[in-house]
Every structure is written in C-alpha cells, then in structure tokens.
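Colleague: Got a sequence here, can you model it:
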Amino acid sequence: MNIDAAFARRWFEDALASIERAQESINSLNVFPVPDGDTGTNVLSTLRAGARAAKVLPEDAPIGTFARTFADGALWGARGNSGIIIAQSFQAVASAFEGSEEVGPVVLVRAFDAIALGARRALAEPVEGTIVTVAQDVADAVLKLPHTLTVRTVVETAVAAATESLGRTTELLPALRGTGQVDAGALCFVLLITALARAAGVPADEPPAWFVAGAHASMSDEDFSDFEVMYLVRASHREATLLRTRLNEIGNSVVVVGGMDSLWHVHVHLRHPAEALSELPMNQVCVRTLEPGRRSIVAATSAPHLLESLAAAGAVAVLNARTDTFLRAVQDADSAAVTILPCSEESAGHAQAAADRSREEGIAVRVGNTRDDLAVYEDTVAYAVGAEPDADPARQVIEIDGAGPAEVNTAVAQAAASLANTRPGVVTVLVGSAYHAHRATRHLTALLQAGSPQTETYVILGGQASPTLLVSAL
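Modeller: Down below sits the predicted model:
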C-alpha cells in the first residue's frame, strides 16, 4: 500500500474532523505557552484554511499537488503558536511529497524526520514536553525501522511512539507537572497521526484520558499585559533567521515558519506590538491581547503604535488591512456577531467585502461608520466600557501634512486658527512617523494653549506614514 491523493484526502479530512470534535476539550487543556484557552480553536482554523485551499483541486490531482496546496493554505491561515507549528508540519509533508503521484514508506519516514527538524528550527527556543518532543520521538522511532518497512509498519510505529510521547508531556513540561494532563498542542499533533493511521486501516484509539483537564494556574496579571502578534512576511531565509533572533530578544513564544515563494508566518508574544513589526513586506498583521474573552470588534488602523491600545481595549487590531486580513480577523474574533471599524474609505471597501463573505459562513458582520484612525480608537474605547458610540456631528477631523517642515508648520498654524474659532472641548492628536512630526505636535499644542486655553489636548503616538498629524476635535 502506498499513499496517493485519495489517501491524503481521507487523512486530512479525518484530522480536521478529529480536531473539530475535540476543540473545546483541547481548549480546556491549553496551559502552555499561556493558558488562554484557544489551542483547539487555533489548530482547527489552521486546518480549515488548508481544507479551503485544497477544495478547489480536481479529484485526480496528484498527491504532491494536493499536499502542497493544503500546506500553503494552512500556512496562510495559521493561528496561534500551535497552529503555526502544525502548518509547518504540513509544509514538511508537502516538501517530502513534492512532484509525486504516490509515495511509499521511505518518503513517509523522511516526512516525519522533516517535521521534527522543521518544528525545532521554527521555534526560537524549543521547549520539551510539547509538539517538538512528540515530533522528535516519532521521527526517532520510524528512522530505526528496517529497510523492509511498509507504509503500515511506519504508521503503526508512529502511532505507538506518538502515544507514548504524549503521555510523557505531563512530566516534561514544567507547566503540566502534577496536573496529570497532556500538552494541548502535542495532543493536536498526535490526533493528526491517529487520523493518518485510520486512513491506512490501522486501529488508533484516542483515550478519553487525553482530553481531561487537570487543575492549573490561571493567567497572572503580568500575563495579561502581553499581546499576541501574527503576520505574514516576504523574506529570504537569512532575513527570516535575523527576524526570529530579533523577536526572541524582545518577546517569547516566537515561531517563524516558511513556505513557498519566500512566505513566512510569524508569531510572537510581547508587551509592545509595534516592536514586533518588520520593515519587510507584511500582510495579515493581527494583534490581540492574551487575556481570555470574546472579541467582537475588529479595529483597523494605519498607525502601528495604535495597535497596542486597540488590542488592549479588547479588539482584534489589524494594520493596513485588506479583505483577506479582515476575513482572518473576523474569524479570530470568534463571535457570531462582529463589528468592523474601518480607518478610511478604502479600508471600508475591504471591510464590506469581508463582511459579505463572512455572512456566507454564518457570521453576522456590521461595518461601522469610522473613516479615520482616531474615530476607530474612540469607538473601540467606547465599546470597551460598554457604551454604544454615536457619530457626533460637531466632530472635526483635520489632516496636517506636507512635503517638509515648512509646509507642515503652515498647515499647523491653519489648523490651530480653525480650532481656536470652534473652541472644542477636547483635541486629540495622532502623531505620525515623519521626522518632523513631534516638532509639529509641540508647535500645535503651544498654539492651541495660546488661542484656546480651555481646550484639553491629548497626544497619541501613532507612527502612521501619513498624515504627519491627524487631529480629532470634539
């Protein structure tokens, strides 16, 4: 028996069904790297992304094509620490199966070895007692098989090694010691292998004890101050390695996994999301607080430094989002009803397209009336405190921009004069990334103090490329 595309379809579909059935149980097991209760959800979203990509292939597509399409879809849509490592596993399988109509036991062994190696390379600091350990134990076991091996022998050996290794995660991973439960991410990996076994006709049980959560500590207040940052980036291997090293210096739970066409998926936990961003071309930049809870707001911004405030208020914050990013963020919100707050007219168009497509999947999505970064910020804060934001007809929005300091200073003077005439109660200034933006801010606040001393002025670092200053007045 060899593995062909029909076999692979059975395997991947069974794996998806297994994770779907166990999603909530896996979530309850989620302790490492943080106990945020979403490992099952993240891995399920990752597999669904792969399945959507492969769905368009004809039934007679060769296994190499099927595996690559599924793997790239999973990488594109990967969620969370475990989801990205699972996506990397499919990348390893796809590379091993590349160009094949069907594969035999030797190639399958190579795939398991590549999975183990890739998992360790993807992580800045591999931790034992997780997927890394189980993948390595499986690879070690199948590599010891004699040359007369068969696909069935490889699968039987892999299941036995995975099951034994999973049982040891409860003692190997410090966060699990004394709880009696297994690692959630490692369990997802083992479920992939048991699905492979069933596709090969090998009996493979999933003992109920695997899904029983033990007593473990909840998140500390210190953990709550952290954020999860994920994005896709186009980079060379060298650039990705340097990025992984830099992220490991400023954060933890760092995963950088590569696919085809120099596409890398990046995941990190850290205190200040903007520090994790790359100067390389990025897509699908999503930021969330690690504090558990439902997120029904997707907040868009063009200001990197605003991501932290938006996510801290409970939104899924997205940077320079297009339709695919909004679609991902709506799914990340994990709510039956989601509100998207766009930051421009162009952003609103992408948000509406994502809303229309999300409704086809049973998610009710409303697109808000926000059309600038500060409006998004104001509405997100209102939702966070339980208020329903209302559009204030008296709200002024002024964009201060120019080719250089002289033009900006002229625009600042004009803005200050306009605000002095209307005498708003509150003025908020979002400061851009231009080298003269901070000087322009000081100039504006000084003019406001002189011309409208009763006005309260707040300054927020935005880091947006344009405008130099965005001013909101109420």
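
Colleague: Which segments of this protein make up each domain?
Modeller: Segmentation of the chain into domains, based on automatic domain parsing, reads 3-211, 295-391, 396-473.

Colleague: rank those domains by pLDDT, which is bottom?
Modeller: Mean pLDDT is lowest for domain 3-211 among the domains of the chain, at a mean of 90.

Colleague: following the strand or helix carrying residue 87, which helix or strand shows up next?
Modeller: Residue 87 belongs to helix 80-97 when assigned by DSSP states H and E. The helix or strand immediately downstream of helix 80-97 is strand 102-103, counting by DSSP H and E.

Colleague: which neighbours does that next one have in its sheet, and in what orientation?
Modeller: In the sheet, strand 102-103 lines up against strand 3-4 (antiparallel) (DSSP bridges).

Colleague: what element comes up after the strand it pairs with heading to the C-terminus?
Modeller: helix 5-29.

Colleague: got the angle between the helix or strand immediately after that following helix in the chain and helix 80-97?
Modeller: The C-terminal neighbour of helix 5-29 among helices and strands, as given by DSSP H and E, is helix 39-54. Relative orientation of helix 39-54 and helix 80-97, computed by axes from the mean of the first three to the mean of the last three CA atoms, to 10 degrees: 40 degrees.

Colleague: Name the residues that touch helix 39-54?
Modeller: For helix 39-54, the surrounding residues in contact (CB atoms under 8 Å, 6 or more residues apart in numbering) are 9, 12-13, 15-16, 19-20, 22-27, 29-30, 66, 69-74, 76-84, 86-87, 90, 184-185, 188, 331-332, 334. C-betas here are computed from N, CA, C, even on glycine.

Colleague: could you check the angle helix 80-97 makes with the following helix or strand past that helix?
Modeller: For helix 39-54, the succeeding helix or strand toward the C-terminus, using DSSP H and E, is helix 63-76. If you take the same axes, to 10 degrees, helix 63-76 sits at 160 degrees to helix 80-97.

Colleague: hang on, the earlier thing: out of the domains of the chain, flag the one nearest residue 262.
Modeller: domain 3-211 (12.2 Å; CB to CB).

Colleague: Quote the end-to-end distance of the closest one.
Modeller: Start to finish, the residues bounding domain 3-211 are 30 Å apart (CA to CA, to the nearest Å).

Colleague: Relative to the whole chain's centre, how far out is it?
Modeller: 19 Å (CA atoms, centre = their mean, to the nearest Å).

Colleague: likewise stretch 395-411?
Modeller: From the chain centre to the centre of stretch 395-411 is a distance of 35 Å (CA atoms, centre = their mean).

Colleague: hmm, back to that, when you filter the contacts of helix 39-54 down to buried only, what's left?
Modeller: The neighbour count (16 or more other CB atoms under 10 Å) marks 9, 12, 15-16, 19, 22-23, 25-27, 29-30, 66, 69-74, 76-84, 86-87, 90, 184-185, 188, 331-332, 334 as buried among the contacts of helix 39-54.

Colleague: Just give me the residue closest to the centre of the chain.
Modeller: In the chain, the residue lying closest to the centroid (CA atoms, centre = their mean) is residue 230, at 3.9 Å.

Colleague: quick one: that one from residue 181, how far?
Modeller: Distance from residue 230 to residue 181, counting by CB to CB, to the nearest Å: 26 Å.
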